[in-house]
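Trainee: The sequence isn't on hand, but the structure is:
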């Protein structure tokens, strides 16, 4: 162990983030003589592929405590002299003090470098969603404000029925180890000033049910494209309820019922 050790932990809320490659928030500890001499939180503005590695180099990090990490990045950090301790669950503080106490040292678990076919990076989902809403004539803002976390995008337009503003909070869900918790975070962050909430993720059965219960619209990138699925309707790509726009909601409901009643064609 280093006499002077700079430790970094990628975070999701208070927890160790599920994947190093998509984390935006980090906690940094400087350990000198076995004591914490400096602590700070770091919010990554640049979401590029090498921004995290560059940040570790600039901060002269000695130790990275994380959960999931791709094998390529693990090898790069190993080669640069950074000690990587993966597969850690729990709070960031528990991870750091467990490591300092010698309880967290296991590096024997296999790193899975095979990506699932339905696994998306947050940066990919954000870009996909941004282009989707832009293609449907929305104004799209990228947010990095701490008090809006985990909102990735804010989409704005005018209601085609009444002409009043429609503002939507969007969270892209690839950076969550617990989608239910991330949706609750979305609800809390968007409690004021938004007319709808959108969660971008694969349409898993449990997730579909939970989003319906929480009145969050679920968009699945594997199923939809601007040209095929979202070229109809009053306010594409949205089809769900829009708060404070009851006339529009009546049209959405009628359109959904008409689509269900249409006969299928083989």
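Mentor: Right, received. Where do you want to start? Computed from a prediction, not measured in an experiment: that's the story for all the values here. Residues are numbered from 1 along each chain as shown.
Trainee: where does residue 126 land on pLDDT?
Mentor: pLDDT recorded at residue 126 is 80.
Trainee: Tell me how many other residues crowd it.
Mentor: Residue 126: 22 surrounding residues under other CB atoms under 10 Å. For the C-beta atoms, the positions are set from N, CA and C on the backbone; glycine is no exception.
Trainee: quick one, what contacts it?
Mentor: Going by CB atoms under 8 Å, 6 or more residues apart in numbering, residue 126 touches 47, 142, 152-153, 172.
Trainee: Next, the buried residues of stretch 169-189.
Mentor: Neighbour counts over stretch 169-189 (16 or more other CB atoms under 10 Å) mark 169-176, 179, 182-183, 185-187, 189 as buried.
Trainee: where does the stretch 1-150 of the chain dip in pLDDT?
Mentor: Within the stretch 1-150 of the chain, the stretches with pLDDT under 70 are 1-3, 47-49, 105-124, 144-147.
Trainee: could you pull out the strands for it?
Mentor: All strands of the stretch 1-150 of the chain, identified by DSSP state E, counting those that start in this stretch, fall at 4-12, 15-16, 25-32, 35-43, 63-65, 83-85, 139-142.
Trainee: most tightly surrounded among the ones you listed?
Mentor: Most buried of the strands of the stretch 1-150 of the chain, by mean neighbour count (mean count of other CB atoms under 10 Å): strand 15-16, with a mean of 24.
Trainee: those helices in the stretch 51-200 of the chain, which residues are they?
Mentor: Using DSSP state H, counting those that start in this stretch, the helices of the stretch 51-200 of the chain run over 51-58, 71-79, 92-100, 122-135, 179-189.
Trainee: Turn the ones you listed into JSON lines, including distance to residue 241.
Mentor: Below are these laid out as JSON lines (distance: least, CB to CB, whole Å):
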{"stretch": "helix 51-58", "distance to residue 241": "37"}
{"stretch": "helix 71-79", "distance to residue 241": "41"}
{"stretch": "helix 92-100", "distance to residue 241": "37"}
{"stretch": "helix 122-135", "distance to residue 241": "18"}
{"stretch": "helix 179-189", "distance to residue 241": "14"}
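Trainee: Which one of those helices lies nearest to residue 31?
Mentor: Of all the helices of the stretch 51-200 of the chain, helix 92-100 sits nearest to residue 31, with 6.7 Å by CB to CB.
Trainee: for that closest one, packing partners?
Mentor: strand 4-12, strand 15-16, strand 25-32, strand 63-65 (3 or more CB pairs under 8 Å, 6 or more residues apart in numbering; DSSP states H and E).
Trainee: one more time with 10 Å, if that's ok
Mentor: When contacts are defined as 3 or more CB pairs under 10 Å, 6 or more residues apart in numbering; DSSP states H and E, helix 92-100 sits against strand 4-12, strand 15-16, strand 25-32, strand 35-43, strand 63-65, strand 83-85.
Trainee: What pairs with the third one, parallel or antiparallel?
Mentor: To tie it back to what came earlier, the one meant is strand 25-32. Strand 25-32 pairs in its sheet with strand 4-12 (antiparallel), strand 35-43 (antiparallel), by DSSP bridges.
Trainee: what's the distance between that strand and the middle of its chain?
Mentor: From the chain centre to the centre of strand 25-32 is a distance of 22 Å (CA atoms, centre = their mean, to the nearest Å).
Trainee: Can you check what angle separates it from helix 92-100?
Mentor: With axes from the mean of the first three to the mean of the last three CA atoms, to 10 degrees as the basis, strand 25-32 and helix 92-100 are set at 40 degrees to each other.
Trainee: what do you get for the fourth one?
Mentor: Using the same axes, to 10 degrees, the inter-axis angle of strand 35-43 relative to helix 92-100 is 140 degrees.
Trainee: got the angle for strand 35-43 vs helix 51-58?
Mentor: 150 degrees.
Trainee: will you turn the helices and strands packed on helix 92-100 into a markdown table that also has distance to residue 241?
Mentor: Listed next are the helices and strands packed on helix 92-100 as a markdown table, based on distance: least, CB to CB, whole Å:
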| stretch | distance to residue 241 |
| --- | --- |
| strand 4-12 | 28 |
| strand 15-16 | 31 |
| strand 25-32 | 31 |
| strand 35-43 | 32 |
| strand 63-65 | 42 |
| strand 83-85 | 45 |
